[in-house]
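# have a look; sequence and predicted model below, questions after that.
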Amino acid sequence: MYGINLEKHHVLTSSHSVSEICNPPLNSIGITYFNYIKIHNKDCSRELLTNNPDWISHFYKNELYNSVGAVDVEHLLPKGYFLWHELDNKDPIYLQGRDFFNIDNGISFVIKRNDVTYLYIFASNKEHHAINNFYAGNIDLLQRFIHYFTDKGQHIIKEAEKNRIFLPKEQDIDISRVNNIDLSNKVRKQFLDETKVSRYFLLNGVPSGRLRPTKKI
């Protein structure tokens, strides 16, 4: 096994500080798991903060960073946010996180820069399926928490910068899998061509539920 033993690493020793930032804001809306990850694209090293040190210790000790699910999220998914049930929930990271640590029903935010990728990961437990509907209607709250965490967690974020995790070998990044994750430009163009709009309608503030057209284009 070529996994990583994170004993006494900053990512584990800082978890209490992360929990203090997460609670009560996240717990009050049913979210029990949070990760902050900054991945350096050149060498795949990462700065990591979490409120669940046991899972992160297991993840790195058992080389789960090499699983397809981890590589997809860290390197292949385009910018945006993704509900976990839209991904392959049979992948080891989802199976073991759910079955061994009761981490499930999550959402991952991906922010891409030229040199780094940021991940903000939120999740609940395996029984809380309804939270997926909450995510869909409250993305703004999660985005606000990302800003809040960046502000309140500056001291531990700076420490994470000094304590990168370096993988023992390169991850196997299969670029061809992008075609299975993101829409191609051809498909996007086809959709836009097939849904041309001649008039736009105001959907709010219209009496009697009627739609009022705006200008013709």
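In hand now; what should we look at? Numbering: from 1, shown residues only.

# any idea how far residue 4 is from residue 63?
8 Å (CB to CB, to the nearest Å). In this view, the C-beta of every residue, glycine as well, is placed from N, C-alpha and C.

# ok, now residue 2?
6 Å.

# and these two? Which one has more around it.
Each of residue 2 and residue 63 has its neighbours counted (other CB atoms under 10 Å); residue 63 has more, 17 against 8.

# wouldn't residue 87 be in contact with residue 107 here?
No - contact criterion CB atoms under 8 Å: residue 87 and residue 107 do not qualify, at 10.6 Å.

# those two: who's more crowded?
residue 107 (23 against 19).

# report the helix or strand with the lowest average pLDDT across this structure.
Lowest by mean pLDDT, DSSP states H and E among the helices and strands of the chain is strand 212-216, with a mean of 53.

# from the chain's centre, how far out does stretch 5-13 sit?
Centroid displacement of stretch 5-13 relative to its chain, using CA atoms, centre = their mean, to the nearest Å, is 22 Å.

# likewise stretch 161-179?
16 Å.

# could you do stretch 35-50 as well?
12 Å.

# looking at that stretch now, give me its mean pLDDT.
In this model, stretch 35-50 carries a mean pLDDT of 96.

# likewise stretch 189-199?
On average, stretch 189-199 scores 79.

# do stretch 134-153 as well
On average, stretch 134-153 scores 95.

# all helices of the chain, in order?
10-13, 15-22, 53-61, 68-71, 92-101, 131-137, 139-152, 154-162, 185-194 (DSSP state H).

# these: which one's closest to residue 170?
Closest approach to residue 170 among the helices of the chain is made by helix 68-71 (10.7 Å; CB to CB).

# tell me the helices and strands packed up against that closest one.
Helix 68-71 sits against helix 92-101, with contacts defined as 3 or more CB pairs under 8 Å, 6 or more residues apart in numbering; DSSP states H and E.

# so where's the protein shaky on pLDDT?
1, 175-185, 200-217 (pLDDT under 70).

# repeat that for 90
1-2, 68-79, 85-90, 169-217 (pLDDT under 90).

# what bridges to residue 33?
Counting by DSSP bridges, residue 33 is bridged to residue 123.

# could you pull up the residues touching it?
Going by CB atoms under 8 Å, 6 or more residues apart in numbering, residue 33 touches 51-52, 55, 103, 106, 121-124.

# any idea how far it lies from residue 114?
Residue 33 is 29 Å from residue 114, by CB to CB.

# the closest residue to residue 56 other than its chain neighbours pairs with what?
Distance criterion CB to CB, 6 or more residues apart in numbering; nearest residue to residue 56, sequence neighbours excluded, is residue 50 at 4.9 Å. Beta bridges link residue 50 to residue 35 when assigned by DSSP bridges.

# correct me, but residue 50 touches residue 11?
Yes - Residue 50 lies in contact with residue 11 (CB under 8 Å); the separation is 6.3 Å.
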